[in-house]
Structures are given as C-alpha cells and as structure tokens.
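A.B. asks: sequence-free structure coming up:
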C-alpha cells in the first residue's frame, strides 16, 4: 500500500505560508517528495512524507516548552530534535495561524541576519 502523502489542503497552506517569506523556495531533500522549504538552500520547514506532521527549527528552549505544554500536538522529531527542531502533528483541526508563526520563527532562525533585517525594515515601512 502506498502512502497517500500530505493532503492537497495541507500542501496549499504550507506553500501559502512559507512561500510568502522572502527568498523561500520549495525543494525536497534527499529522496523525499514531501514539501520542504528552504532559504538560501538551508531547510527551515519540512513535512513528513505521510503528511501527518511537519518539523521546523525552534529557538533555544522553545522545543521543550512546546512539547511540555501540549505533547499530543508537539514532539521531538527524530534526526533533528537534538538540534532544537520541533515536530508539529497536523491532526484536525490544524491551527494554521500558529503554524504560520512557527514557520516564520524558524525562517528567522535560519535566514541570514541581513535578509531578516531587510525584511523587518520592509514590514515596518522603514
């Protein structure tokens, strides 16, 4: 039986959120086909092949706080969890506003500081 992968709605929402950030591209990694989003070829958000969860980089200490606050929704992902990345289950209902905030936080942690500063300046009209 083949894995159905992420739902079209999940993929559309992830694209809407991630591709709105400056210089982001969608590019799967390795032999995977699920959506993965990068800034200057550095991953900042990936979706599981089966579409049940995503992972993104979290600020120091945030992973532990999120997992402790809601372990049914947040988890320490394999392979990158020891580096502070957090897993988010995409069970219904998905709080896409929260996903957008976490994606932006991850982007800010991975993107070059000069790009984030320029983006912040554009957002404030400076």
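C.D. replies: Nice, I can see it. This structure is a prediction, so every number in the text was calculated from the model and none was measured.
A.B. asks: mind showing which ranges of the chain have poor pLDDT?
C.D. replies: Where the chain drops to pLDDT under 70, the residues are 1-6, 123-126.
A.B. asks: hey, which helix is longest across it?
C.D. replies: When the chain is parsed with DSSP state H, its longest helix is helix 96-110.
A.B. asks: Just the buried residues of it, please?
C.D. replies: 96, 99, 100, 102, 103, 104, 105, 106, 107, 108, 109, 110 (16 or more other CB atoms under 10 Å). To be clear about C-beta, it is placed using only N, CA and C from the backbone, and glycine gets the same treatment.
A.B. asks: same thing with stretch 114-125?
C.D. replies: For stretch 114-125, using 16+ other CB under 10 Å, the buried residues are 115, 116, 119.
A.B. asks: what about the helix or strand harbouring the first one, distance to the chain center?
C.D. replies: Per DSSP states H and E, residue 115 falls inside helix 113-124. Once both centres are worked out by CA atoms, centre = their mean, to the nearest Å, helix 113-124 turns out to sit 19 Å from its chain's centre.
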